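S.K.: Okay, here's the prediction I keep looking at, along with the sequence it came from:
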Amino acid sequence: MGAMALLSSVALVLATLAGFLHVMIFVFESVLWTTPRVRAIFGTGSEEDARATQFLAFNQGFYNLFLAVGAVLGVLLVLLGVTEPGWTLVVASCASMLAAATVLAVTGAAHRGSALRQGTLPLLALLAAGAGRLL
């Protein structure tokens, strides 16, 4: 396997992992928002506090789900040989994930850890995809 193929494969794996992470975030935000474990993860405080923001979290969770679907669908298209639309979806979805993580990071120091966890996989996927295209 050449360097370009290896980097492209790495990019696809990282994009898939980023997609799975965003599906997990969707479940946390849209399904489990008021549970004690998710309240602890997101620091939402009491169940009453979580209920007050549940409609916002529900909506935000679907944004994360749509990003995940785009990334994973793009990976599947690439694997099926539909490369240009597939890579377009992978890059657009990962870039959007990274942009969202960047916005989260600049909103305050308290959110930088979450932003780092949310943005690392898509960033690495984009770097691998870009490097693979340059070779």
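M.R.: Ah, there it is.

S.K.: Please make it C-alpha for all contacts and neighbour counts, starting now.
M.R.: Fine.

S.K.: isn't Leu76 right up against Glu84?
M.R.: No - shown here, Leu76 and Glu84 do not form a contact pair, counting by C-alpha atoms under 8 Å, at 11.9 Å.

S.K.: out of the two, which sits in the more crowded spot?
M.R.: Neighbour count, other C-alpha atoms under 10 Å: between Leu76 and Glu84, Leu76 has more, with 18 against 12.

S.K.: Against Ala100, how distant is the more buried one?
M.R.: Leu76 sits 23 Å away from Ala100, going by C-alpha to C-alpha, to the nearest Å.

S.K.: Over to Gly43?
M.R.: Plainly put, Gly43 is 19 Å away from Ala100 if you go by C-alpha to C-alpha.

S.K.: neighbour count winner among these two?
M.R.: A direct count of neighbours by other C-alpha under 10 Å for Gly43 and Ala100 places Ala100 higher, at 15 against 12.

S.K.: Is the more buried one in a helix, a strand, or coil?
M.R.: Secondary structure, DSSP: H, G, I helix; E, B strand; the rest coil: Ala100 is helix.

S.K.: In contact with it: list those residues for me.
M.R.: Gly119 (C-alpha atoms under 8 Å, 6 or more residues apart in numbering).

S.K.: separation between it and Val82?
M.R.: Using C-alpha to C-alpha, Ala100 is found at 27 Å from Val82.

S.K.: swap in Leu123?
M.R.: Distance of Leu123 to Val82, computed by C-alpha to C-alpha: 23 Å.

S.K.: okay, these two: which has more neighbours?
M.R.: The residue with more neighbours, out of Leu123 and Val82, is Leu123; 23 against 13, by other C-alpha under 10 Å.

S.K.: Where does that one sit, in terms of helix or strand?
M.R.: Assigned by DSSP states H and E, Leu123 belongs to helix 112-134.

S.K.: helices and strands around that helix, which ones?
M.R.: Applying 3 or more C-alpha pairs under 8 Å, 6 or more residues apart in numbering; DSSP states H and E, we find helix 112-134 packed against helix 3-26, helix 83-106.

S.K.: ok, residues contacting it?
M.R.: Contacts of helix 112-134 (C-alpha under 8 Å, 6+ apart): 3-8, 10-15, 17-18, 21-22, 91, 94-95, 97-98, 100-102, 104-106.

S.K.: Before I go, just wanted to say thanks for your time.
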